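In: build me a model from this:
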Amino acid sequence: MADLGTAVNTAVALGAKYVSNSYGGGEDGSEPGHDTSYFHHPGVAITASTGDNGYGISYPASSQYVTAVGGTSLTQGGGTRGWTETAWSGAGSGCSTSVAVYGGTSASAPIIASVYALAGTPGASDTPAAYPYSHAGNLNDVTSGSKGSCSTTVQCKAGAGWDGPTGLGTPNGTATFTAGTSSGGVTAANPGSQSGVTGTATGLTISAAGLISGTPATAGTYSVTAKDSSGATGSTTFPWTITAPGGSGCTGQKLANPGFESGATSWTASGGVITTTTSSEAAHSGSYLAYLDGYGSAHTDTLSQPVTIPAGCHATLSYYLHIDTAETTTSTQYDKLTVKAGSTTLATYSNLDKATGYQQRTVDVSASPARR
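Out: Numbers count the residues shown, from 1 in each chain. Model (predicted):
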């Protein structure tokens with residue numbers, strides 16, 4: 001620790017404002033002295049990995065002067081971001097003898113140090129590790145996943161707000177890593193009952209004067225929460241009912257024979273694609289499935305069905321997909337599956353997306369000129 005701590009001091013003495021540390025070890029009681037000697041550098045953002053071995057404390061990540069950096073599992077698809085993020089089982093966390101800490105890997109620490117750098121030079125007397133607590137609303141809060149069980153659940157299981165595996169969340173821009181504090185609150189006035197129609201301008205964005213505008217895509221009843229750039233929030237709840245144009249025109253199953261149980265009826269497919277359960281691949285349910293490629297040679301398969309989605313309606317296509325491959329490489333794409341609505345590409349997959357068993361996928365196929 002003396003040599004590693006001296007390296008931090010040397011970097012700061014040479015003018016560094018952002019220092020990344022990708023190492024750590026268990027606490028032994030000497031940490032307060034090390035904090036004073038090596039990590040208390042006002043005006044300097046210092047990050048440290050919390051380790052890849054799951055639940056447990058790692059120093060210097062547990063230092064009060066250090067931003068402890070973890071790791072999450074990130075997969076494409078789902079959520080408002082188009083990604084699903086959960087707690088990673090390897091990230092270290094726990095409760096220090098003096099301070100609660102969260103999440104980590106060696107690659108994560110320099111990434112967060114670079115985000116501090118993009119956010120701008122810290123205040124000369126500041127402890128930048130405190131910045132995220134003043135701007136937590138500008139982080140992506142990771143609320144699912146765990147690294148097993150421990151006596152204090154919040155230290156092992158992700159949830160809303162701060163938790164051990166994912167801390168306050170992951171970067172959404174650089175605002176969280178800047179100086180300054182929350183504005184202290186946002187006032188949201190209740191406008192009374194509101195209504196609208198999908199595809200008709202109303203809703204979704206709010207101006208400084210409080211005017212909400214935009215175009216809703218999904219029918220339902222909603223509440224509104226306002227948030228400023230520092231993450232401070234204020235909320236009010238009122239009924240805002242969005243209906244589909246023409247009433248029932250948007251409801252119901254639009255695909256015919258969606259599970260292929262009537263064979264190729266309503267579908268256009270290349271030979272051998274729609275088939276019954278085989279010894280090499282079982283259907284997700286029923287007896288039929290669509291088997292694309294997998295012949296060990298250059299080959300192209302297609303599967304399609306014409307569907308018209310009424311204007312102004314919001315629609316999704318959900319399907320169960322099992323990607324299997326004999327390839328052992330994890331970096332080279334050999335085969336590709338493309339999901340399209342008309343000429344619009346909605347999703348692509350390859351052998352790099354292989355998984356054990358079926359995974360449910362969902363894409364937006366709402367009506368537009370290119371999506372018929």
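In: list the residues that contact Asp293.
Out: If a contact means CB atoms under 8 Å, 6 or more residues apart in numbering, then Asp293 has His299, Thr300, Asp301, Asp335, Leu337 as its contacts. Any C-beta I mention is one placed from the backbone N, CA and C, and that applies to glycine too.
In: go through those residues and flag which are in strands.
Out: Where those overlap with strands, as defined by DSSP state E, the overlap consists of Leu337.
In: between the contacts of Asp293, which sits nearest Leu352?
Out: Distance to Leu352 across these (CB to CB) is lowest for Asp335, with 9.5 Å.
In: Leu352 is in contact with that closest one, correct?
Out: No. Look at Asp335 against Leu352 with CB atoms under 8 Å: they stay out of range, at 9.5 Å.
In: low-confidence stretches in the chain?
Out: Confidence mapping of the chain against pLDDT under 70 gives the ranges 90, 92-105, 180-252, 277-279, 311-313, 367-372.
In: try 50
Out: Scanning the chain for pLDDT under 50 picks out 99-104, 182-185, 230, 247, 369-372.
In: can I assume Thr47 sits in a strand?
Out: Yes. Counting by DSSP: H, G, I helix; E, B strand; the rest coil, Thr47 is found in a strand.
In: if I look at it, how far off is Pro132?
Out: Here the distance between Thr47 and Pro132 works out to 11 Å (CB to CB, to the nearest Å).
In: likewise for Gly82?
Out: According to CB to CB, Gly82 and Pro132 sit 24 Å apart.
In: now do Ser280
Out: Shown here: Ser280 relative to Pro132, a distance of 50 Å by CB to CB.
In: so between these two, which is more surrounded?
Out: For Ser280 against Pro132, the residue with the higher neighbour count under other CB atoms under 10 Å is Pro132, and the figures read 20 against 8.
In: the strands in the stretch 201-350 of the chain, which residues?
Out: 205-206, 212-213, 220-227, 233-243, 268-269, 274-276, 288-290, 303-304, 316-321, 336-341, 344-350 (DSSP state E, counting those that start in this stretch).
In: give me the contact list for the fifth one.
Out: When contacts are defined by CB under 8 Å, 6+ apart, strand 268-269 is touched by residues Ala290, Asp301, Thr302, Leu303, Ser304, Gln305.
In: pull the most distant pair out of those residues.
Out: Across those, the longest distance by CB to CB is 14.7 Å; it joins Asp301 and Gln305.
In: neighbour-wise, which of those two wins?
Out: Neighbours per residue, other CB under 10 Å: of Asp301 and Gln305, the larger number sits with Asp301, 16 against 13.
In: gap between that one and Ala175?
Out: 46 Å.
In: cool, Lys157 as well?
Out: Relative to Ala175, Lys157 is positioned 27 Å away (criterion: CB to CB).
In: which one of those two has more residues nearby?
Out: Between Lys157 and Ala175, counting by other CB under 10 Å, Lys157 is the more crowded of the two (20 against 17).
In: so Tyr65 sits against His40, correct?
Out: Yes. Between Tyr65 and His40 there is a contact at 5.1 Å, judged by CB under 8 Å.
In: what's the burial count for Asn21?
Out: 25.
In: ok, now which ones touch it?
Out: Applying CB under 8 Å, 6+ apart to Asn21 gives the contacts Leu4, Val8, Ile46, Thr47, Ala48, Ser49, Pro60, Val66, Ala109.
In: again with Phe260
Out: Counting by CB under 8 Å, 6+ apart, Phe260 touches Trp267, Ile274, Gly286, Tyr288, Leu289, Ala290.
In: now the first one: closest residue in space, sequence neighbours ignored.
Out: Right, Trp267. Gln305 (5.3 Å; CB to CB, 6 or more residues apart in numbering).
In: can I see the domain layout of the protein?
Out: Using automatic domain parsing, the domain parsing of the chain gives 2-177, 194-243, 268-364.
In: distance of Thr316 relative to Arg361?
Out: 10 Å.
In: settle it for me: which of these two has more neighbours?
Out: In terms of neighbours (other CB under 10 Å), Arg361 is the more surrounded of Thr316 and Arg361; the figures are 18 against 10.
In: which SS class is that one?
Out: Of the three states, Arg361 takes strand under three-state DSSP.
In: and for Tyr133?
Out: Tyr133, by the three-state scheme (three-state DSSP), is helix.
In: in contact with the closest residue to it other than its chain neighbours, which residues?
Out: Spatial nearest neighbour of Tyr133, excluding adjacent residues (CB to CB, 6+ apart): Leu168 at 7.0 Å. With contacts defined as CB under 8 Å, 6+ apart, Leu168 is in contact with Tyr102, Pro132, Tyr133, Ala136, Leu139, Asp141, Gly161, Trp162, Thr176.
In: now intersect these with the helices, please.
Out: When helices are assigned by DSSP state H, the members of the contacts of Leu168 inside them are Pro132, Tyr133.
In: contact partners for Asp301?
Out: With contacts defined as CB under 8 Å, 6+ apart, the neighbours of Asp301 are Ala269, Ser270, Gly272, Val273, Leu292, Asp293.
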